[in-house]
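Peer 1: just to be clear, the model below is a prediction. Sequence and coordinates:
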Number of protein chains: 2
Amino acid sequence: MPKEIKPWKTLRSELVFDHKWYKLRRDHVTLPNGRVLDDYFVSVRPNVVLIFALTTTDEVLFVRQYKHAAGQILLELPGGIMDEGETLPLEAAKRELLEETGHTSDEIELLQSVIDNPTKDTNTIYFFLARNAQQVAAQDLDETEEIEVVKVPLNQVEAQIQAGNIRVSGSVALCLLAMSKLRQVIIPPPPPADVDEAIEP
Amino acid sequence: MPKEIKPWKTLRSELVFDHKWYKLRRDHVTLPNGRVLDDYFVSVRPNVVLIFALTTTDEVLFVRQYKHAAGQILLELPGGIMDEGETLPLEAAKRELLEETGHTSDEIELLQSVIDNPTKDTNTIYFFLARNAQQVAAQDLDETEEIEVVKVPLNQVEAQIQAGNIRVSGSVALCLLAMSKLRQVIIPPPPPADVDEAIEP
């Protein structure tokens, strides 16, 4: 008999830290067992787009940059936060792909929307697959951005993940999801093993 | 000619919000171009473990629970934050698996350590693969936890991801990584297409 999982009730909320670059909310909540918590903290974050872009020569576009919270130089898929007033994830994905890599694609689709950290953060990440990506411009970066574009042949992406060279959660998830989707299209799966048996009398 | 990507230099840091359940750091940094930022915010978070546990009957253990920042009831792999003083991710993984699902495994290995959000958060997620997981106890939950254990047959996990029923970034990444690893072991890949051709004169 499955347990009935119930949501919490929010009694009230206040922003305890409210800066242009960081908003932290404190929620007072009631749990299903009646217990009240008055110190549940939630980081209010803008939604994010991430793009697995495959070029016409079967290379995947990555960006290499310093990320300050991790304190490391990392290889990730291109992407970024949706601008204020930007309501369509697809538009944000096209903009980020163009700004960070100078590439565009007219074959771009939403693969999945995932949650980054459902315990602490409010934001969604929209995962896109772009095919036939082609360079149409130079990078167009903010003053605080230093980004190297790295093209990885499609058939080497999984090895780069296994080796730990691609090691940011969202990029790992989207790379593997996108490659699974591409395999479904490019390589039709073999017929199920029981098809031949079904034909037999 | 690849760009030389350089790390930022931290001039000084202070905790601008310092609560048992949330620590927010403000860094004053110098960028490689010499520009100084005095308001780079970093969420200081404990490291996390996440476990893909396969039972002796080829089912994968999931947990279904309400997550307040997302405001949703979600299906995820079992896991949680490392306790203070808990230095070995493996020990934390065994503890979380036991507490949340009542299962244990003596065949548990670190698959990868990934970064959740390198822009905003300091923490690492340790991804584990556990085989031959067996139930040895009941769940042992905190007062604030309500968790349903859900067993998903291994061959249905990818479909559950494609359908969006498993949609937390870390769980998606670890499921696909673990299944890739299991395929390498359980199902030997077919010989490359050019082997037969090579035998031909």
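Peer 2: Arrived safely.
Peer 1: what helices or strands is the helix ranked longest in chain A leaning on?
Peer 2: Counting residues, the longest helix found in chain A (DSSP state H) is helix A:169-186. Judged by 3 or more Cβ pairs under 8 Å, 6 or more residues apart in numbering or on different chains; DSSP states H and E, helix A:169-186 is in contact with strand A:48-55, strand A:72-76, strand A:107-115, strand A:124-135, helix A:157-162, strand B:107-115, helix B:157-162, helix B:169-186. All C-beta atoms are positioned from the backbone trio N, CA, C, and that covers glycine.
Peer 1: the fifth one near chain B at all?
Peer 2: If I follow you right, that is helix A:157-162. Yes - on the criterion Cβ under 8 Å from any Cβ of the partner chain, helix A:157-162 is in touch with chain B at A:158, A:161, A:162.
Peer 1: then stretch A:79-91?
Peer 2: No - for stretch A:79-91, no contact with chain B is found by Cβ under 8 Å from any Cβ; the gap never falls below 8.9 Å.
Peer 1: okay, and residue A:46 sits in which element?
Peer 2: Under DSSP states H and E, no helix or strand contains residue A:46.
Peer 1: pLDDT at the closest residue to it other than its chain neighbours, what is it?
Peer 2: Spatially, and ignoring its direct neighbours in sequence, residue A:46 is nearest to residue A:81 (4.5 Å; Cβ to Cβ, 6 or more residues apart in numbering or on different chains). Residue A:81 is assigned a pLDDT of 96 by the prediction.
Peer 1: pull out the buried members of the residues of helix A:157-162 next to chain B.
Peer 2: Neighbour-count burial (16 or more other Cβ atoms under 10 Å in any protein chain shown) is assigned, among the residues of helix A:157-162 next to chain B, to A:158, A:161.
Peer 1: wait, residue A:70 touches residue B:115, no?
Peer 2: Yes - using Cβ atoms under 8 Å as the test, residue A:70 is close enough to residue B:115 to be in contact (5.1 Å).
Peer 1: which ones are touching the residue nearest to residue A:46?
Peer 2: Under the criterion of Cβ atoms under 8 Å, 6 or more residues apart in numbering or on different chains, the contact list for residue A:81 reads A:45, A:46, A:47, A:48.
Peer 1: how much space is there between it and residue B:122?
Peer 2: 19 Å (Cβ to Cβ, to the nearest Å).
Peer 1: repeat for residue A:28
Peer 2: The spacing between residue A:28 and residue B:122, counted by Cβ to Cβ, is 27 Å.
Peer 1: which one of those two is surrounded by more residues?
Peer 2: With other Cβ atoms under 10 Å in any protein chain shown as the criterion, residue A:28 and residue B:122 differ in neighbour count, and residue B:122 comes out ahead with 20 against 15.
Peer 1: over to the more buried one: give its phi and psi.
Peer 2: Here the main-chain torsion angles of residue B:122 (degrees, to the nearest 10) amount to phi -90, psi -10.
Peer 1: quick one, phi psi at residue A:87?
Peer 2: Per-residue torsions, residue A:87: phi -90, psi -20 (degrees, to the nearest 10).
Peer 1: count the neighbours of it for me.
Peer 2: Applying the criterion other Cβ under 10 Å, we find 8 residues in the vicinity of residue A:87.
Peer 1: confirm residue A:93 sits in a helix?
Peer 2: Yes - applying DSSP: H, G, I helix; E, B strand; the rest coil, one finds residue A:93 inside a helix.
Peer 1: which residues touch it?
Peer 2: The neighbours of residue A:93, taking Cβ under 8 Å, 6+ apart as the test, are A:49, A:51, A:79, A:108, A:126, A:128, A:130.
Peer 1: tabulate those (a markdown table), appending distance to residue B:24 and neighbour count.
Peer 2: Formatted as a markdown table, the contacts of residue A:93 follow (distance: Cβ to Cβ, whole Å; neighbours: other Cβ atoms under 10 Å in any protein chain shown):
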| residue | distance to residue B:24 | neighbour count |
| --- | --- | --- |
| A:49 | 25 | 28 |
| A:51 | 29 | 28 |
| A:79 | 24 | 23 |
| A:108 | 35 | 19 |
| A:126 | 26 | 22 |
| A:128 | 30 | 27 |
| A:130 | 35 | 24 |
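Peer 1: now flag whichever of those is closest to chain B.
Peer 2: residue A:79 (10.4 Å; Cβ to the nearest Cβ).
Peer 1: in three-state terms, label the nearest residue in space to residue A:72 that is not next to it in sequence for me.
Peer 2: Distances taken as Cβ to Cβ, 6+ apart place residue B:118 nearest to residue A:72, at 6.7 Å, with adjacent residues excluded. Secondary structure for residue B:118, judged by three-state DSSP, is coil.
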